[in-house]
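Asker: Below are the sequence and a predicted model; questions follow.
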Amino acid sequence: MLSRTADNLFWLSRYIERAEALARILEATQRLASLPAAYGGKTNEWESAVATAGCAEGFYAKHGEADHDSVVAYLAFDRDNPSSILNCFETARHNARSVRTALTIEMWETINGAWIELRRLADRRLAGEELTRFLGWVKEIGLRFDGSATRTMLRNDIYDFSRIGMLLERADNTARILDVKYHLLLPEQGEVGGGLDYYQWQAILRAVSAVTSYHWVYRESVKPWLIADLLILNDQMPRSFAACYGELVRHLDQLARAYGRQGPAQRLARSCRARLENADIRDVFQRGLHEFITDFIADNNRLGAAVHEQYLA
């Protein structure tokens with residue numbers, strides 16, 4: 001396969017996953033913003049949405065304050081934000097057109113139809129139920145694209161590059177959501193385990209579609225260390241660090257077999273996977289959750305760079 005084709009497949013899946021993650025972040029923020037003041041008073045949930053999306057520098061260069069209208073506009077439709085939902089879908093469609101013959105009909109129709117619909121919505125101000133429906137639609141597009149890939153693609157190097165891009169992006173997004181909640185979302189006067197904290201953690205579980213999974217696995221009330229365990233170390237949770245890296249190792253090993261050579265990408269993925277397998281959530285909290293997640297994000301970025309250097313450059 002040409003490296004240019006692999007690169008387009010890799011980034012196509014990353015941008016689709018990023019758009020879905022932004023929708024989940026905005027949905028969680030909308031829920032938190034609607035909490036009554038009795039649960040803890042004023043919070044900085046809209047600032048946390050910008051921080052989670054990794055867009056703080058660009059956002060504050062354009063907006064003086066993070067509120068509902070400015071954050072929704074910037075993360076959903078702003079042309080100046082390269083990671084807005086609109087730009088993610090547009091870039092994904094551009095990549096999809098470049099590798100049209102490598103995609104199945106269902107995958108192409110999903111991304112092309114989404115781009116056409118999103119252009120129609122781009123100039124509208126969304127709020128309330130309309131915003132909720134829009135965010136649900138964005139998540140549905142992500143699920144349709146992912147489901148189409150899973151159900152219709154040949155299990156070859158095309159599929160491997162597509163999944164590697166998605167998994168790297170998914171791991172990064174889960175890490176950022178968890179880190180921002182732990183450090184930015186709870187106000188200074190808030191207490192861990194208090195009423196506001198409980199609803200914030202519930203919102204984070206909803207953001208990654210893990211409410212039912214959490215109660216099924218732990219059968220306990222919402223506790224921060226158990227949520228961290230679910231999203232970091234539990235192989236059964238599809239968006240956890242451990243699950244993403246288990247799949248990354250598998251797909252990178254399949255590429256190594258297909259091309260007859262191992263490389264830095266395979267070694268980095270296995271190393272990170274081994275650290276997750278040997279980690280204990282009590283040790284993670286004792287060392288510092290923020291520090292653990294920061295190191296993980298850095299390792300995830302290094303793996304992305306290694307994949308690019310080994311296969312896509």
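Answerer: Looks like it came in fine.
Asker: Let's verify Arg125: helix, strand, or coil?
Answerer: Following DSSP: H, G, I helix; E, B strand; the rest coil, Arg125 is assigned to coil.
Asker: And for it, nearest residue in space, chain neighbours not counted?
Answerer: Asp69 (7.3 Å; CB to CB, 6 or more residues apart in numbering). All C-beta spots, glycine's among them, are computed from the backbone N, C-alpha and C.
Asker: quick one: the host helix or strand of the one you found to chain centroid distance?
Answerer: If you go by DSSP states H and E, Asp69 is part of helix 68-76. Computed by CA atoms, centre = their mean, to the nearest Å, the chain-centroid distance of helix 68-76 equals 18 Å.
Asker: Strands along the stretch 201-313 of the chain, start to end?
Answerer: Counting by DSSP state E, counting those that start in this stretch, the stretch 201-313 of the chain has no strands to list.
Asker: residue boundaries of the helices in it?
Answerer: 211-218, 224-232, 241-259, 264-278, 281-287, 289-307 (DSSP state H, counting those that start in this stretch).
Asker: before we move on, the earlier item: from Ala21, how far out is the residue nearest to Arg125?
Answerer: For Asp69, the distance to Ala21 equals 21 Å [CB to CB, to the nearest Å].
Asker: For the two, indicate the residue with more neighbours.
Answerer: Ala21 (28 against 12; other CB atoms under 10 Å).
Asker: so who does the more buried one touch?
Answerer: Contact analysis of Ala21 by CB atoms under 8 Å, 6 or more residues apart in numbering lists 169-170, 173, 177.
Asker: ok now do the closest residue to Asn301 other than its chain neighbours, which residues does it touch?
Answerer: What sits nearest to Asn301 in space, not counting adjacent residues and going by CB to CB, 6+ apart, is Asp172, at 7.8 Å. Listed by CB under 8 Å, 6+ apart, the contact partners of Asp172 are 297, 300-301.
Asker: quick check, nearest of these to Ala28?
Answerer: Ile297 (19.1 Å; CB to CB).
Asker: and the closest one, what pLDDT?
Answerer: Note on Ile297: pLDDT of 94.
Asker: And the helix holding Asp69, what's buried?
Answerer: By neighbour count on 16 or more other CB atoms under 10 Å, the buried set for helix 68-76 is 68, 70-76.
Asker: could you give me the average pLDDT of that helix?
Answerer: The pLDDT scores in helix 68-76 average 91.
Asker: can you check stretch 103-122 too?
Answerer: Rounded mean pLDDT across stretch 103-122 is 90.
Asker: which of the residues in it are buried?
Answerer: 103, 107-108, 110-112, 114-115, 118.
Asker: starting at the chain centroid, how far to that stretch?
Answerer: Using CA atoms, centre = their mean, the offset of stretch 103-122 from its chain centre is 20 Å.
Asker: ditto for stretch 294-313
Answerer: Centroid separation between stretch 294-313 and its chain, computed with CA atoms, centre = their mean, is 16 Å.
Asker: CA atoms of it as PDB?
Answerer: Coordinates of the C-alpha atoms in stretch 294-313 are reproduced here as PDB (Å, rounded to 0.1, in the frame of the first residue of the first chain):
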ATOM      1  CA  THR A 294       0.000  13.000  31.400                       C
ATOM      2  CA  ASP A 295       2.600  10.300  30.900                       C
ATOM      3  CA  PHE A 296       0.000   8.200  29.000                       C
ATOM      4  CA  ILE A 297      -0.900  11.000  26.700                       C
ATOM      5  CA  ALA A 298       2.800  11.600  26.000                       C
ATOM      6  CA  ASP A 299       3.300   7.900  25.200                       C
ATOM      7  CA  ASN A 300       0.200   7.900  23.000                       C
ATOM      8  CA  ASN A 301       1.600  10.800  21.100                       C
ATOM      9  CA  ARG A 302       5.000   9.100  20.700                       C
ATOM     10  CA  LEU A 303       3.200   6.000  19.300                       C
ATOM     11  CA  GLY A 304       1.300   8.200  16.800                       C
ATOM     12  CA  ALA A 305       4.600   9.700  15.700                       C
ATOM     13  CA  ALA A 306       6.200   6.300  15.400                       C
ATOM     14  CA  VAL A 307       3.400   5.000  13.300                       C
ATOM     15  CA  HIS A 308       3.700   8.000  11.000                       C
ATOM     16  CA  GLU A 309       7.500   7.600  10.700                       C
ATOM     17  CA  GLN A 310       7.300   3.800  10.100                       C
ATOM     18  CA  TYR A 311       4.400   3.700   7.700                       C
ATOM     19  CA  LEU A 312       2.900   7.000   6.700                       C
ATOM     20  CA  ALA A 313       5.800   9.300   5.900                       C
END
